[in-house]
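*Asks:* Can you look at this prediction? I've put the sequence above it.
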Amino acid sequence: MRMSPSPPPGLPRRAAAELVGTAALVAVVVGSGIQAAALSPDVGVRLLANSLASALGLGLLIALLGPLSGGHLNPVVTLSEWWARRGEDGAPRIREVGVYVAAQFVGAVAGALLAEAMFGRAPGTWSTAVRSDPHLLLGETVATAGLVLLVQGLRRIGRSSLAPIAVGGYLLAAIWFTSSGSFANPAGTVGRSFSDSFTGIAPGSLPGFVGAQLLGALLGVALASVLYGGRNEPKGPRSRRTG
């Protein structure tokens with residue numbers, strides 16, 4: 001007897017997965033930054049430790065929560081999925097997008113406050129790390145465009161199962177090759193403004209960074225369309241008949 005597939009989780013469970021997952025992700029990023037700063041005076045060592053922990057944490061969270069909510073943990077991923085899949089069967093609806101994004105922002109703030117509390121710091125202290133130089137905004141645009149292109153590309157070639165490794169690996173690389181350190185996540189960026197630590201960002205720098213991330217998301221979606229074609233086009237090269 002063939003078992004019928006179980007129905008997908010309801011929106012409340014999916015939203016809970018996005019909230020918990022985003023909180024855990026920001027707690028990993030902020031917490032590993034605090035730990036690295038306490039253990040080493042060398043900025044390079046700090047960045048190495050923080051980038052490795054962040055990449056591993058993100059990959060594990062996507063693997064764990066992907067079957068529940070898709071493991072977005074990032075508003076630009078949610079928004080790009082909504083836009084790129086509009087009109088398709090099973091595509092996210094605008095209400096679902098709103099719930100996901102709200103859950104991600106709440107989770108991000110909660111994760112930052114949790115990380116601060118775990119290390120005996122006063123939760124809710126605003127970051128003083130100003131990140132507003134134009135070259136940093138360019139780096140953040142590039143980082144976000146690459147992330148969205150990767151996520152969309154994997155889906156369009158039928159390799160979404162590689163997301164935990166691929167997205168985690170991309171984050172690890174992008175933290176090093178972009179000038180901004182690859183925040184690439186509006187919710188995570190807002191959450192990190194609540195931590196005056198190695199990974200923080202001053203509230204005054206939020207508009208520029210979030211704007212750069214949204215621009216990068218648009219560029220990533222556009223690049224995916226250029227490289228992989230329209231949504232209804234074949235996903236691979238046409239087979240050549242022989243004989």
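*Replies:* That came through, no problem.

*Asks:* Could you list the low-pLDDT ranges of this structure?
*Replies:* Low-confidence regions of the chain, defined here as pLDDT under 70, cover residues 1-6, 230-243.

*Asks:* what are the ranges of the helices in it?
*Replies:* All helices of the chain, identified by DSSP state H, fall at 11-39, 43-69, 75-84, 94-118, 134-156, 163-177, 186-192, 206-228.

*Asks:* Any chance of CSV for those, columns distance to Ser127 and mean neighbour count?
*Replies:* In short, each C-beta sits where N, CA and C put it, glycine included. CSV is the format used below for these (distance: least, Cβ to Cβ, whole Å; neighbours: other Cβ atoms under 10 Å):
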stretch, distance to Ser127, mean neighbour count
helix 11-39, 10, 22
helix 43-69, 15, 18
helix 75-84, 20, 22
helix 94-118, 9, 20
helix 134-156, 14, 22
helix 163-177, 18, 19
helix 186-192, 7, 27
helix 206-228, 10, 19
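
*Asks:* now those in TSV, with distance to Thr125?
*Replies:* Rendered in TSV, the data for the helices of the chain read as follows (distance: least, Cβ to Cβ, whole Å):
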stretch	distance to Thr125
helix 11-39	12
helix 43-69	19
helix 75-84	24
helix 94-118	7
helix 134-156	22
helix 163-177	23
helix 186-192	12
helix 206-228	16
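
*Asks:* which residues touch the nearest residue to Gly200 once chain neighbours are set aside?
*Replies:* For Gly200, ignoring the flanking residues on the chain, the nearest one in space by Cβ to Cβ, 6 or more residues apart in numbering is Ser127 at 3.0 Å. Neighbour list for Ser127: 192-197, 200-203 [criterion: Cβ atoms under 8 Å, 6 or more residues apart in numbering].

*Asks:* For Leu206, see how far away Ser127 is.
*Replies:* Look at Ser127 and Leu206: by Cβ to Cβ, to the nearest Å, they are 10 Å apart.

*Asks:* ok, now Ser32?
*Replies:* Applying Cβ to Cβ, one obtains 22 Å for the distance of Ser32 from Leu206.

*Asks:* what do you get for Leu215?
*Replies:* The separation that Leu215 has from Leu206, given Cβ to Cβ, amounts to 15 Å.

*Asks:* Which phi and psi values does the residue nearest the centre of the chain adopt?
*Replies:* Nearest to the centroid of the C-alpha atoms of the chain, with distances taken as Cα atoms, centre = their mean, sits Asn74, at 4.2 Å. As for Asn74, its main-chain torsions (degrees, to the nearest 10) stand at phi -170, psi 120.

*Asks:* Just give the nearest non-adjacent residue to it, would you?
*Replies:* Asn185 (4.4 Å).

*Asks:* Now for the one you found: which residues touch it?
*Replies:* With contacts defined as Cβ under 8 Å, 6+ apart, the neighbours of Asn185 are 73-76, 108, 213.
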